[in-house]
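Enquirer: how does the following fold in three dimensions:
(one chain, ligands or ions: 1)
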Amino acid sequence: MFITFEGIDSSGKSTQCQLLGQYLTDKGFDVLLLREPGGTKISEKIRDLLLDVNSGGMLPLAEFLLYSAARAQLVNEVIRPALTEGKIVICDRFDDSSTAYQGHARGLGMDNVKSINKIATGGLIPDLTIFIDITVEESLKRLKVAGKMTDRMESEDARFFEAVREGYLQLATDDKSDSPNRFKVINGLDDISTIERRIQQIVRDEMVID
Ligand code: ADP
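Expert: Here you go, the predicted structure:
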């Protein structure tokens, strides 16, 4: 099973990836936790380039193609082999991030981005995507508390994050005829353990486990 987490910065993705990973490991599954961009030698190099505050002036198209390149490498080198071995792969961000960030917020067009996503992933679609939705105000508050906003993407302004959130909400209402139950929206303003339990319930239902 391939599970992805989506959301704006500080929505709780990495917290919930870890918790779900632990939950499934305790149930006896072989779990692989990944985060994008990264996860291979080449993808980590691309990550450095993408998140470097000195990469100012990067074109939205160049940004998108770099994310896609990192993703293609990750899918082929790591995700597909792990799925073939029967592992559960949990990935913090995947191609919906490009649709929301570069397609909607950077203005490349969600449909354009989706068609390149298909090439980059070789058509691999997550079995389940958990979109943790929080307000931009809450995101900025959490980033400030954590003393973050240090990388190039995190230091974008509130208007940019509003647009990213809009992109995600658009994805939630889009036509999903190729994968009708994939995209789940979770209220990220609830407390960590409430969200944790809700995600476990969704995964149990999808996987038909106790
Ligand atoms: P992301 O991976 O989406 O950037 P993180 O999981 O790193 O988000 O969480 C960012 C910060 O917000 C961390 O300090 C984390 O403890 C906190 N956090 C995560 N989920 C919640 C929540 N539901 N309520 C309050 N704070 C949260």
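Enquirer: use CA for all of it now, contacts and neighbours both
Expert: Fine.
Enquirer: show me the contacts for residue 135.
Expert: Shown here is residue 135, which makes no contacts under the criterion C-alpha atoms under 8 Å, 6 or more residues apart in numbering.
Enquirer: swap in the one 10 residues further on?
Expert: When contacts are counted by C-alpha under 8 Å, 6+ apart, residue 145 is found next to no other residue.
Enquirer: distance check, it against the ligand.
Expert: 7 Å (C-alpha to the nearest ligand atom, to the nearest Å).
Enquirer: cool, and residue 53?
Expert: Using C-alpha to the nearest ligand atom, which is the criterion applied here, residue 53 is 17 Å from the ligand.
Enquirer: which of the three states applies to that residue?
Expert: What DSSP: H, G, I helix; E, B strand; the rest coil gives for residue 53 is coil.
Enquirer: can you tell me the closest non-neighbouring residue to it?
Expert: With sequence-adjacent residues excluded and distances taken as C-alpha to C-alpha, 6 or more residues apart in numbering, residue 53 is closest to residue 152, at 4.6 Å.
Enquirer: now do the same for that neighbour: its pLDDT.
Expert: Confidence at residue 152, expressed as pLDDT, is 73.
Enquirer: could you list the low-confidence segments of this protein?
Expert: Scanning the chain with the threshold set as pLDDT under 70 gives 148-150, 208, 210.
Enquirer: look up phi and psi at the residue nearest the centre of it.
Expert: Nearest residue to the geometric centre of the chain (C-alpha atoms, centre = their mean): residue 93, 1.6 Å. Backbone torsions for residue 93, taken as degrees, to the nearest 10, come to phi 80, psi 140.
Enquirer: now it: how far from residue 67?
Expert: 11 Å (C-alpha to C-alpha, to the nearest Å).
Enquirer: now swap in residue 89 and tell me
Expert: Counting by C-alpha to C-alpha, the separation of residue 89 from residue 67 is 19 Å.
Enquirer: neighbour count for these two, which is higher?
Expert: Neighbours of residue 89 and residue 67, each counted by other C-alpha atoms under 10 Å, are more numerous for residue 67; the result is 25 against 21.
Enquirer: for that one, which non-adjacent residue is spatially closest?
Expert: Once chain neighbours are set aside, the closest to residue 67 by C-alpha to C-alpha, 6+ apart is residue 37, at 6.5 Å.
Enquirer: tell me which helix or strand that neighbour sits in.
Expert: Element membership of residue 37 [criterion: DSSP states H and E] is none; it lies in no helix or strand.
Enquirer: surely it is in contact with residue 43?
Expert: Yes. Judged on C-alpha atoms under 8 Å, residue 37 makes contact with residue 43 at a distance of 6.3 Å.
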